[in-house]
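K.L.:
Next come a sequence and a model predicted from it.
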Amino acid sequence: MPIQIFDPTTEATARKINYAPRPKSLKGLRVGLVDNTKHNSDQLLLRIADILEREHGAKAHIIRKKKSSGVAPHAEIVDEYKAACDVVVAGVGD
Amino acid sequence: MELTSRRHTVADTDGAMEYCYTNGWSDGFPVVPPTEERIVGMLAAAGLEPSYQCAFIENRQISVTAEKVAINAVMAGCKAEYFPVVVAAVEAIGDPLYGYHGPATSTGGSAVFMCVNGPIAKEIGMNSGDNLFGPGWRANSTIGRAVRLVMRNTIGTLPGELDRSSLGHGGKFSFCIAENEEDSPWPPFHTTRGFRKDQNAVTVFAALAPHQYSNQLSSTPDGILKTACAQMKISAGSGRHPQYAMVFAGEHQVTIKKNGWTREQVQEYVFEHAQIPVAELKRNFIIAGDITPDDERTMKPIVAKPQDLLVFAAGGKAGVQSAYIPGWGSTAGSQSVTREIRKA
């Protein structure tokens, strides 16, 4: 006899996500770097900042460290990015 | 009680099991078909409406409802009376302190270790003795499995996708124990987290595999702990400061009880003795940096504070084995969480 079973997965629901407006150019902008705590993450990000400043005209950068790679940046450094940066570079990987 | 999940019609029970395999809803073992009657039975045992939110997983923006938890608990083979434990465990992994995203997705490959305390453990037939981490008890096997299926199916923690464990371990099928409160040298673990002895609670901990050590040569607590410390000094969490669980089995429990050592004494002793020079950690490429003269004298403990050692009494009465279980990552990324188990 046919039976009916229920779906254990999450059904996707449509939802609007607001992105921050993207700048047309990095010229004169201040860059925030999110050190994700992985070894050499800071070295990689500082090289990226160097390229953004040398080749794309970014004005300055700050780098701050998250508390753990698996968590979102804490409020204190988010406030710093908000106050001192126009764009932020973030990412995580091994 | 109205269920809102998508329904699938299949030919029969065999067809349902195969359908779940085909859709990737299994951990590799056959599942029990999640039918309406079984799902409603689960929800009733916890007195929950289907829409009750057990957890909200921030990074995935996913609301984990009681209905989805019940579906996965049925699939795992849980009896309805186990369901309040499953719900409490899901609530606990949704706690920001547990930090779901890190341990669930990391290449570090942790499982959700769960320890049940309170009268419910006996009521539902949980094992706290022989073959503690092994198979053989329905409640232990299926409660842990249910939580893993929720992670897989409802939250999307799929191996190779959002579960990037390089190795993983057997505890990812199920890693669920009860504490042996009767024979324990200490008050039940959940009372250290503010619960009463007669309350039911589950503690979750993002954990790597258990490491067994053997000590049949010492008849004192410090002798046993010396063996533990020798092995813990350089172990998975060295240099990272995660929490560690320590599970003391039968004969070691007796020795500790006979000598009247409190849980706090065990924690203090291990904190003091599972330490290693920073230089040694650097020489072995466990932490980064050049070795300085100070590093030879600077000792690094295995955990940041004694309370990060989670001390449980469980395991078979015979034998001279106990285990330590390294936590995932560091306490900045994940910490153990204890939640009350609420029955209907």
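P.N.:
Received it, and whenever you're ready, just let me know what you need.

K.L.:
How many neighbouring residues does residue 3 have?
P.N.:
Answering for chain A, as no chain was given. Per other Cβ atoms under 10 Å in any protein chain shown, the neighbour tally for A:Ile3 reads 15. All C-beta atoms are positioned from the backbone trio N, CA, C, and that covers glycine.

K.L.:
think we crossed wires, I meant chain B
P.N.:
17.

K.L.:
which stretch of helix or strand covers it?
P.N.:
Secondary structure from DSSP states H and E places B:Leu3 outside every helix and strand.

K.L.:
Quick check, it in contact with B:Ser51.
P.N.:
No. Look at B:Leu3 against B:Ser51 with Cβ atoms under 8 Å: they stay out of range, at 9.9 Å.

K.L.:
Now the common contact residues for the two.
P.N.:
Residues touching both B:Leu3 and B:Ser51 by Cβ atoms under 8 Å, 6 or more residues apart in numbering or on different chains: B:Glu67.

K.L.:
near chain B, which residues of chain A show up?
P.N.:
Contacts of chain A with chain B, taken as Cβ under 8 Å from any Cβ of the partner chain, map to A:1-11, A:15, A:39, A:67-72, A:94.

K.L.:
Now which of these would you call buried?
P.N.:
A:5-10, A:67-72 (16 or more other Cβ atoms under 10 Å in any protein chain shown).

K.L.:
out of those residues, which one sits closest to chain B?
P.N.:
Of all those, A:Gly70 has the smallest distance to chain B: 2.0 Å, by Cβ to the nearest Cβ.

K.L.:
For the nearest residue to that closest one once chain neighbours are set aside, give me the pLDDT.
P.N.:
The shortest distance from A:Gly70 to any non-neighbouring residue, by Cβ to Cβ, 6 or more residues apart in numbering or on different chains, is to B:Gly102 (2.0 Å). In this model, B:Gly102 is scored at 94, pLDDT.

K.L.:
Check the one 10 residues further on too.
P.N.:
Per-residue confidence for B:Val112 comes out at a pLDDT of 98.

K.L.:
helix or strand for it, which one?
P.N.:
strand B:111-117.

K.L.:
And the helices in chain B?
P.N.:
Assigned helices in chain B, in chain order: B:13-22, B:36-46, B:66-76, B:83-93, B:101-105, B:120-123, B:138-149, B:221-232, B:250-258, B:263-273, B:278-283, B:293-297 (criterion: DSSP state H).

K.L.:
Mind listing what's buried along the lengthiest helix in chain A?
P.N.:
Determined from DSSP H, the single longest helix within chain A is helix A:41-56. Neighbour-count burial for helix A:41-56 flags A:41, A:44-45, A:49, A:52-53 (criterion: 16+ other Cβ under 10 Å).

K.L.:
Please apply the same query to stretch A:74-93.
P.N.:
Quick answer for stretch A:74-93 (16+ other Cβ under 10 Å): A:77, A:81, A:85-89.

K.L.:
Mind checking which of those are in strands?
P.N.:
With DSSP state E as the criterion, strands contain A:87-89 from among the buried residues of stretch A:74-93.

K.L.:
ok, whatever residue of chain B ends up closest to chain A - contacts?
P.N.:
Residue nearest to chain A within chain B (Cβ to the nearest Cβ): B:Gly102, separated by 2.0 Å. Going by Cβ under 8 Å, 6+ apart, B:Gly102 touches A:68-71, B:206, B:328-329, B:333-334.

K.L.:
Among these, which lie within strands?
P.N.:
B:Ala206.

K.L.:
Out of the buried ones among the residues of chain A next to chain B, which two sit at the greatest distance?
P.N.:
Maximum pairwise distance in these, criterion Cβ to Cβ, is 42.1 Å, between A:Ile5 and A:Lys67.

K.L.:
Closest one to B:Cys78 out of the buried ones among the residues of chain A next to chain B, please.
P.N.:
Using Cβ to Cβ, these come closest to B:Cys78 at A:Pro8, 13.1 Å.

K.L.:
Could I get the contacting residues of that closest one?
P.N.:
Counted by Cβ under 8 Å, 6+ apart, A:Pro8 has contacts B:5, B:25, B:34, B:68, B:71-72, B:75, B:149, B:153-154.

K.L.:
State whether it is indeed within a strand.
P.N.:
No. Counting by DSSP: H, G, I helix; E, B strand; the rest coil, A:Pro8 is located in no strand; its state is coil.

K.L.:
What number of residues are in the vicinity of the residue nearest to it when sequence neighbours are not counted?
P.N.:
Closest residue to A:Pro8 apart from its sequence neighbours, by Cβ to Cβ, 6+ apart: B:Asn153 at 3.9 Å. Close neighbours of B:Asn153, defined as other Cβ under 10 Å, add up to 25.

K.L.:
B:Val69 is in contact with B:Asn153, correct?
P.N.:
No. The pair B:Asn153 / B:Val69 is not scored as a contact, 10.2 Å apart, by Cβ under 8 Å.

K.L.:
thinking again about what came up before, B:Arg164: which of the helices of chain B is closest?
P.N.:
Comparing the helices of chain B under Cβ to Cβ, the one sitting nearest is helix B:101-105, at 5.8 Å.

K.L.:
Just the CA atoms of that closest one, as PDB, please.
P.N.:
Taking C-alpha atoms only, helix B:101-105 is exported to PDB below (Å, rounded to 0.1, in the frame of the first residue of the first chain):
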ATOM      1  CA  HIS B 101      29.100  27.000  12.000                       C
ATOM      2  CA  GLY B 102      32.800  26.400  13.000                       C
ATOM      3  CA  PRO B 103      32.700  22.900  14.400                       C
ATOM      4  CA  ALA B 104      30.100  21.700  11.800                       C
ATOM      5  CA  THR B 105      31.900  22.900   8.700                       C
END
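
K.L.:
which SS state does A:Val34 fall under?
P.N.:
strand.

K.L.:
Contact partners for it?
P.N.:
When contacts are taken as Cβ under 8 Å, 6+ apart, A:Val34 is in contact with A:45, A:63-64, A:66, A:73, A:77, A:81, A:88-91.
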